[in-house]
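sharing a model prediction with you, sequence too.
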Amino acid sequence: RLRRSADKKELVAAVRDFAARLRGDSRLVNLVGGVADELLMNALYNAPYDDAGAFRFRHLERSASVELGAHEEVEFSFASDGHFLAVGCCDPFGSLSPNLVQERLATCFEESRADISNSSGGAGLGLFMIYNNVGKLVVNLQPGRCTEFIGIFDLRATGRERKNRIRGLNIFVLRD
């Protein structure tokens, strides 16, 4: 669990070390570390909003330090069964909609629709980067309550197989 952006670096290093121990493939370690970093950035900077519904940190440079409240901890986890490595991140805000997930991925896949933001909040490519680097992506959404991403890496795949594989995307929405 973390509340401060300053703690992100330590968690990313831990998941990178874990991936290196499972399989000493430096490309895989870099992919896992990049996905973990992006998941945590999204949870810390993009997800939090205030009582009026305005996003609190989305406008900030990603190098700016942020701290969430005690009741706003982000849960980060990783595990492996020796064949697959899963990296998960869950925020307590639930500010991401299924439509936004689909729109962002569609925009990145269709060059003619590309709408990359140059705002200080990032280029808007994080979700695409996550999806493009995992074998499977599970997105669990509970609007207003939580957003959970789980990226699954196939440890048995070679670099070429990872690059050319068919990726899985599952979006689940729990509605009240």
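Good, I have the coordinates.

in which helix or strand would I find the residue positioned nearest the centre of the chain?
Nearest residue to the geometric centre of the chain (CA atoms, centre = their mean): L39, 2.4 Å. Using DSSP states H and E, L39 sits within helix 26-41.

other SSEs contacting that helix?
Applying 3 or more CB pairs under 8 Å, 6 or more residues apart in numbering; DSSP states H and E, we find helix 26-41 packed against helix 8-22, strand 75-80, strand 84-91, helix 126-133, strand 146-154, helix 159-164. For every residue, glycine as well, the C-beta is placed using N, CA and C.

mind checking pLDDT for the residue nearest to the centre of the chain?
Looking at L39, its pLDDT is 97.

which stretches of this protein have low pLDDT?
Applying pLDDT under 70 to the chain picks out residues 108, 111-124.

can you rerun that using 90?
Scanning the chain for pLDDT under 90 picks out the ranges 23-25, 51, 53, 97-128, 132, 157-167, 175-176.

and T158, how far from R165?
Relative to R165, T158 is positioned 10 Å away (criterion: CB to CB, to the nearest Å).

actually G151, not the one I wrote
14 Å.

ok, the two, which is more surrounded?
G151 (25 against 13; other CB atoms under 10 Å).

can you tell me the closest non-neighbouring residue to that one?
For G151, ignoring the flanking residues on the chain, the nearest one in space by CB to CB, 6 or more residues apart in numbering is V134 at 3.8 Å.

can you check R145 too?
Nearest residue to R145 in three dimensions, chain neighbours excluded: G94, at 4.4 Å (CB to CB, 6+ apart).

that's a helix at the one you found, yeah?
No: the assignment for G94, made by DSSP: H, G, I helix; E, B strand; the rest coil, is coil rather than a helix.

need the contact list for it.
Contact analysis of G94 by CB atoms under 8 Å, 6 or more residues apart in numbering lists L141, Q142, P143, G144, R145, C146, T147.

tell me how far it lies from S80.
The gap separating G94 from S80 is 28 Å, by CB to CB.

next: A47.
In terms of CB to CB, A47 sits 26 Å off from S80.

what number of residues lie near D7?
Using other CB under 10 Å, D7 has 16 neighbouring residues.
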